[in-house]
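Participant: Can you look at this prediction? I've put the sequence above it.
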Amino acid sequence: MIDHTALWTVIILLGFGSFGLRFVFLGLIGDRALPEWILRHLRYTAVAVIPALIAPLVLWPAANGGETDPRRLTAALLALAVGATTKNLYAALATGAAVMLAGNWLL
């Protein structure tokens, strides 16, 4: 059984932490122009976060008990190749989805 006091304490502290991080950027420096070097680094945030979220799902998927699935790996590699060549997010997403659906259909 989960201790509800501990659960709500963690939820409230995470809420304060999340608010604090946003307030630093939006509340304190939101109306000021940022230096170019900070803007250059912020452009790569999504490029760094999205692969970090997807890589564990491809390499160690919980659906397979942590075993690497060749179908997921193939879909990720083909989506990466299509995305790199076309520079089109939707083409990469469609390719990955098509490979996963074709793999489900063929098996």
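Facilitator: That came through, no problem. Numbers count the residues shown, from 1 in each chain.
Participant: Rank the helices and strands of this structure by mean pLDDT and give me the bottom one.
Facilitator: Least confident helix or strand, the chain: helix 45-59 with a mean of 85, by mean pLDDT, DSSP states H and E.
Participant: in that helix, what's buried?
Facilitator: The neighbour-count check on helix 45-59 (16 or more other Cβ atoms under 10 Å) flags Val58 as buried. No exception for glycine: its C-beta is placed from N, CA and C like everyone else's.
Participant: Can you identify the element that follows that helix toward the C-terminus?
Facilitator: helix 70-86 (DSSP states H and E).
Participant: now His41, what's its secondary structure?
Facilitator: helix (DSSP: H, G, I helix; E, B strand; the rest coil).
Participant: coming back round to it: return the least confident helix or strand of the chain as CSV; C-alpha atoms alone will do.
Facilitator: Provided in CSV are the C-alpha atoms of helix 45-59 (Å, rounded to 0.1, in the frame of the first residue of the first chain):
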residue,chain,number,x,y,z
THR,A,45,16.9,21.0,-26.6
ALA,A,46,14.3,19.0,-28.5
VAL,A,47,16.9,17.3,-30.6
ALA,A,48,18.5,16.1,-27.4
VAL,A,49,15.4,15.2,-25.4
ILE,A,50,13.4,13.3,-28.0
PRO,A,51,16.1,10.7,-28.7
ALA,A,52,16.6,10.3,-25.0
LEU,A,53,12.9,9.5,-24.6
ILE,A,54,12.8,7.2,-27.6
ALA,A,55,16.0,5.2,-27.3
PRO,A,56,15.0,3.1,-24.3
LEU,A,57,11.7,2.2,-26.0
VAL,A,58,13.6,1.0,-29.0
LEU,A,59,16.6,-0.8,-27.3
